[in-house]
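>>> okay, here's the prediction I keep looking at, along with the sequence it came from:
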Amino acid sequence: MKPNDVVSTLPNNPTPSNNASVAAQQEQQPGLDFVRQVITEDLAEGRTQKVVTRFPPEPNGYLHIGHVKAICLNFGIANEFDGFCNLRFDDTNPDAEEQEYVDGIANDVKWLGFEWNGEPRYASSYFDQLHAWAIQLIKQGDAYVDLQSPEEIRLNRGNFIEPGKNSPYRDTSVEENLARFEKMNNGEFAEGEAVLRAKIDMASPNVHMRDPILYRVLHSEHHQTGDKWKMYPMYDYAHPLSDAIEGITHSLCTLEFQDHRPFYDWVVEKVHSEAVPRQYESSRLNIDYTITSKRKLRKLVEGGYVNGWDDPRMPTVVGMRRRGFTPEGLRDFCKRVGVSKSDGIVDVAMLEYCIRQSLENVAARGMAVLNPLKVTLTNLPNDMDLTHSRHPNVDMGERVIPLTSEIYIDRK
């Protein structure tokens, strides 16, 4: 993929078809979306006393336009309902995470105009509690240590047509599982030799409920906890329990996590958490001509196709900021896109329109000749200075335009 495929340039005006879509968006006065309807009902019926949401990025790269929608949704809902929104780094994979990304993400959220509740939080801050809950699950008979190879686990999980097969270690005694789990934590197993799995149902039609992995062995140093741990929780285990620890009331995510929700509810129920967060899924943001996959964006950076995460051609927040996008324009765009369960592709003209609108009343006008052709005026008696307003708003002042016998026009 070439860098120019990442984002398009700003046209002067939307095409006629895009004008229609922009106008339609402007005229819409929708009622509450389904997320806000749920929250309104929860508050009215007393199921929720105080709305608490969270924005939980993994610090393994810089935020992109898709994250902007999630930020606006979670922080926006907290503001609308007089609640709180936490910034939590789901840092459960030490091999991919760096402090650079932690700092960059925090700066991006602030630049977009949002403030989180208290200090930034980390899933790694809850590792002790997650470990204690894992031991509780083992004692309850809801988890076991599996010594199958990763390939055996993959093959025995089955597929969408065939059910999975029980592990030969599934019925190991509680005492043996506790001993093996302790060995995992002490670093006595090599990476890939042992995992802790939930004991649910290997015949479940939902493959995510077929004894999912809770912990895996990783002999890696963590940017927050150092070398304290020799095993780390999986995202699907740490995420719902981190929500429960923080008292999150509405855990908002994208549709690809819909099949993960049964396990989300299962693990919160099994640890007998006092707080019971609920997960709600909506469509992710897809825009014409724009990559919204951190993995693919990383390939562009590491492959040298672009000049870093802040290249103006990148749809990252730092890239869009360098390109001249405004936080007001991005927030307006996300508001217009809205929240739904229907996947679709948003016309990039909508984004460009919102950015232009945000700049309309604050940006001084300028002019440049990108493909110049020199012209000599033979009948200009004297050089002169012309004045012209910088903006239709005369309060923004004037600019001086020198007129000499040599001028430049565009070759086109």
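Cool, the structure landed.

>>> I figured Ile71 was touching Pro56, is that so?
No - using C-beta atoms under 8 Å, Ile71 makes no contact with Pro56, being 10.9 Å away. All C-beta atoms are positioned from the backbone trio N, CA, C, and that covers glycine.

>>> any weak-confidence spans in the protein?
1-31 (pLDDT under 70).

>>> hmm, try it at 50
1-29 (pLDDT under 50).

>>> helices along that one, start to end?
Secondary structure of the chain (DSSP state H): helices located at 16-27, 34-44, 65-80, 99-111, 127-139, 150-156, 174-186, 235-246, 261-270, 294-302, 317-323, 327-337, 348-360.

>>> which one of these is the most hemmed in?
helix 235-246 (a mean of 23; mean count of other C-beta atoms under 10 Å).

>>> got the angle for that one vs helix 127-139?
110 degrees (axes from the mean of the first three to the mean of the last three C-alpha atoms, to 10 degrees).

>>> before we move on, the earlier item: what's the closest of the helices of the chain to Ser282?
Within the helices of the chain, the stretch nearest Ser282 is helix 34-44; the backing value is 6.5 Å (C-beta to C-beta).

>>> so which elements touch that closest one?
Counting contacts by 3 or more C-beta pairs under 8 Å, 6 or more residues apart in numbering; DSSP states H and E, helix 34-44 is packed against helix 65-80, strand 250-254, strand 278-282.

>>> tell me which other helices or strands the first one touches.
Counting contacts by 3+ C-beta pairs under 8 Å, 6+ apart, helix 65-80 packs against helix 34-44, strand 52-55, strand 84-89, helix 99-111, strand 250-254, helix 317-323, helix 327-337.

>>> return the alpha-carbon coordinates of it using CSV.
In CSV, the C-alpha atoms belonging to helix 65-80 read as follows (Å, rounded to 0.1, in the frame of the first residue of the first chain):
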residue,chain,number,x,y,z
ILE,A,65,-9.6,8.4,13.8
GLY,A,66,-11.5,5.3,14.9
HIS,A,67,-10.3,5.8,18.5
VAL,A,68,-11.6,9.4,18.3
LYS,A,69,-15.1,8.1,17.9
ALA,A,70,-14.7,5.9,21.0
ILE,A,71,-13.2,8.8,23.0
CYS,A,72,-16.1,11.1,22.0
LEU,A,73,-18.7,8.5,22.9
ASN,A,74,-17.3,7.5,26.3
PHE,A,75,-16.3,11.0,27.5
GLY,A,76,-19.3,12.6,25.8
ILE,A,77,-21.8,10.2,27.6
ALA,A,78,-20.1,10.8,30.9
ASN,A,79,-20.4,14.6,30.5
GLU,A,80,-24.0,14.4,29.3
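
>>> gap between stretch 115-123 and the chain center?
Taking C-alpha atoms, centre = their mean, to the nearest Å, one finds stretch 115-123 lying 16 Å from the centre of the chain it belongs to.

>>> how long is it from one end to the other?
End-to-end span of stretch 115-123 (C-alpha to C-alpha, to the nearest Å): 19 Å.

>>> and stretch 298-316, by the same measure?
11 Å.

>>> repeat for stretch 50-62
For stretch 50-62, the first-to-last residue distance is 31 Å (C-alpha to C-alpha).

>>> okay, buried residues for it please.
For stretch 50-62, burial by neighbour count (16 or more other C-beta atoms under 10 Å) applies to 51-62.

>>> ok, now how distant is the spatially most central residue of the chain from Leu359?
When C-alpha atoms, centre = their mean is applied to the chain, the residue found nearest the centroid is His67 (3.5 Å). Look at His67 and Leu359: by C-beta to C-beta, to the nearest Å, they are 22 Å apart.

>>> now swap in Arg323 and tell me
Arg323 sits 12 Å away from Leu359 when distances are taken as C-beta to C-beta.

>>> same question, Pro312
Pro312 is 15 Å from Leu359, by C-beta to C-beta.

>>> same question, Tyr215
49 Å.

>>> returning to what we had before: which non-adjacent residue is nearest the residue nearest to the centre of the chain?
Leaving aside its chain neighbours, His67 sits nearest to Pro57 (6.5 Å; criterion: C-beta to C-beta, 6 or more residues apart in numbering).

>>> what count of nearby residues applies to Leu218?
Leu218: 18 surrounding residues under other C-beta atoms under 10 Å.

>>> do the same with Asp227
With other C-beta under 10 Å as criterion, Asp227 counts 11.

>>> what's it sitting at in phi/psi?
Per-residue torsions, Asp227: phi -110, psi 30 (degrees, to the nearest 10).

>>> what about the residue lying closest to Asp227 once chain neighbours are set aside, how many residues nearby?
Once flanking residues are discounted, Asp227 sits nearest to Glu221: 5.1 Å by C-beta to C-beta, 6+ apart. A count of nearby residues for Glu221, using other C-beta under 10 Å, gives 12.

>>> do I have it right that Glu221 meets Glu97?
No - counting by C-beta under 8 Å, Glu221 stays clear of Glu97, with 10.9 Å between them.

>>> where's Val337 relative to Val346, distance?
Distance from Val337 to Val346, by C-beta to C-beta: 6 Å.
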